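**Q** Take a look and give me a structure for this.
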Amino acid sequence: MARVFITGSSDGLGRMAAQLLIEQKHSVVLHARNEKRAQEALGAVPGAEGVAVGDLTRIAETHKVAEQVNELGTFDAIIHNAGIGYREPRRIATEDGLPHLFAVNTLAPYILTALIARPKRLVYLSSGLHQSGDASLKDLAWNDRPWQGQQAYSDTKFHDVLLAFAVARRWPEVYSNALEPGWVATKMGGAGATDDLDEGHRTQVWLAVSDDLAAKVTGEYFYHMRPKKPNPATRNVELQEKLIAACRQFSGIELP
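**A** Residues are numbered from 1 along each chain as shown. Presented below is the predicted three-dimensional model:
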């Protein structure tokens with residue numbers, strides 16, 4: 001039995017992954033952004049061990065999520081599933097002055113990775129749109145660029161792969177991988193999504209707990225439980241370290 005923490009697991013793919021893990025007799029801790037959603041998540045996922053509560057748009061609350069998880073002990077795997085989609089029509093600033101989308105999709109997984117006790121496996125949800133992410137890493141906070149929601153989303157999903165690969169390189173004892181679940185009909189994906197929803201949550205579960213040799217790798221990118229070639233720029237160590245340095249500057253938190 002593995003012990004798994006999943007961010008953004010009050011609905012969508014995160015909830016589906018939690019339900020599947022519990023069906024497979026693993027122990028799961030959920031995450032929700034507030035108490036109301038936490039209670040809804042516990043009701044929707046019978047058998048969950050518990051739920052960590054915190055709004056990942058806020059650096060201080062992301063700290064608190066990490067503290068709650070650490071208080072529960074060590075985990076075998078963490079699935080960084082929480083995310084905001086590509087349809088934000090304008091730059092929405094958080095209380096820390098960062099774009100809402102960047103705060104949740106890029107900075108929160110960085111902070112949680114840095115602060116939560118190191119698990120055996122880390123799984124980061126990306127997207128096929130990471131292929132068009134901006135590899136310059138300029139103006140990450142969108143202070144100077146005119147806002148483009150899909151580009152901002154693509155950038156953050158590119159960052160998630162960079163982060164997964166940076167962690168794989170820095171922490172060789174941890175399996176750290178990224179994946180794309182496909183364009184599926186969740187609240188984020190929308191009703192017009194064309195990929196198989198049932199396949200959308202299986203790769204992250206497989207990477208988190210499977211004993212298959214194909215899943216026990218690190219620094220790889222997957223789609224439907226098969227390796228897939230990521231944007232080649234995500235393999236660039238200089239870019240990986242540039243993102244780590246930027247996240248450290250935004251958050252004040254060092255990645256060990």
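
**Q** Find the helix or strand that Ala246 is a member of.
**A** helix 237-251 (DSSP states H and E).

**Q** hang on, I meant Leu122
**A** strand 121-125.

**Q** Mean confidence (pLDDT) on that strand, please.
**A** Taken as a whole, strand 121-125 carries a mean pLDDT of 98.

**Q** Return the list of helices and strands in contact with it.
**A** If contacts are counted by 3 or more CB pairs under 8 Å, 6 or more residues apart in numbering; DSSP states H and E, strand 121-125 sits against strand 77-80, helix 149-170, strand 175-180, helix 202-209. In this view, the C-beta of every residue, glycine as well, is placed from N, C-alpha and C.

**Q** Please list all residues in contact with the most centrally placed residue in the chain.
**A** What sits nearest the mean C-alpha location of the chain, by CA atoms, centre = their mean, is His80, with 2.8 Å. Counting by CB atoms under 8 Å, 6 or more residues apart in numbering, His80 touches 7, 108-109, 112-113, 122-125, 160.

**Q** same thing but 7 Å
**A** Counting by CB atoms under 7 Å, 6 or more residues apart in numbering, His80 touches 7, 109, 112, 123-125.

**Q** secondary structure element for the nearest residue to it once chain neighbours are set aside?
**A** Of all residues not flanking His80 in the chain, Pro109 sits nearest, at 4.1 Å (CB to CB, 6 or more residues apart in numbering). Assigning secondary structure by DSSP H and E places Pro109 in helix 108-115.

**Q** Likewise for Glu95?
**A** Going by DSSP H and E, Glu95 is not part of any helix or strand.

**Q** ok, now which ones touch it?
**A** Arg58.

**Q** And Val237, by the same measure?
**A** Arg169.

**Q** Distance of it relative to Leu207?
**A** Distance of Val237 to Leu207, given as CB to CB, to the nearest Å: 23 Å.

**Q** My guess is Ala77 contacts Arg118. True?
**A** No - if you go by CB atoms under 7 Å, Ala77 and Arg118 don't touch, sitting 11.2 Å apart.

**Q** ok, these two, which is more surrounded?
**A** Ala77 (24 against 15; other CB atoms under 10 Å).

**Q** mind listing what the more buried one touches?
**A** Contacts of Ala77 by CB under 7 Å, 6+ apart are 2, 4, 119-121, 123, 208-209.

**Q** follow-up on the earlier one: quick one, the strand holding Leu122 and helix 202-209 angle?
**A** 160 degrees (axes from the mean of the first three to the mean of the last three CA atoms, to 10 degrees).

**Q** contact partners of strand 121-125?
**A** 76-81, 83, 109, 113, 160, 163-164, 167, 174-179, 181, 204, 207-208.

**Q** for this structure, what are the low-confidence residue spans?
**A** 182-198 (pLDDT under 70).

**Q** Name the surrounding residues that touch stretch 129-142.
**A** So stretch 129-142 is contacted by 86, 91, 98-99, 102, 145, 152-155, 157-158, 161, 231, 233, 239, 242-243, 246 (CB under 7 Å, 6+ apart).
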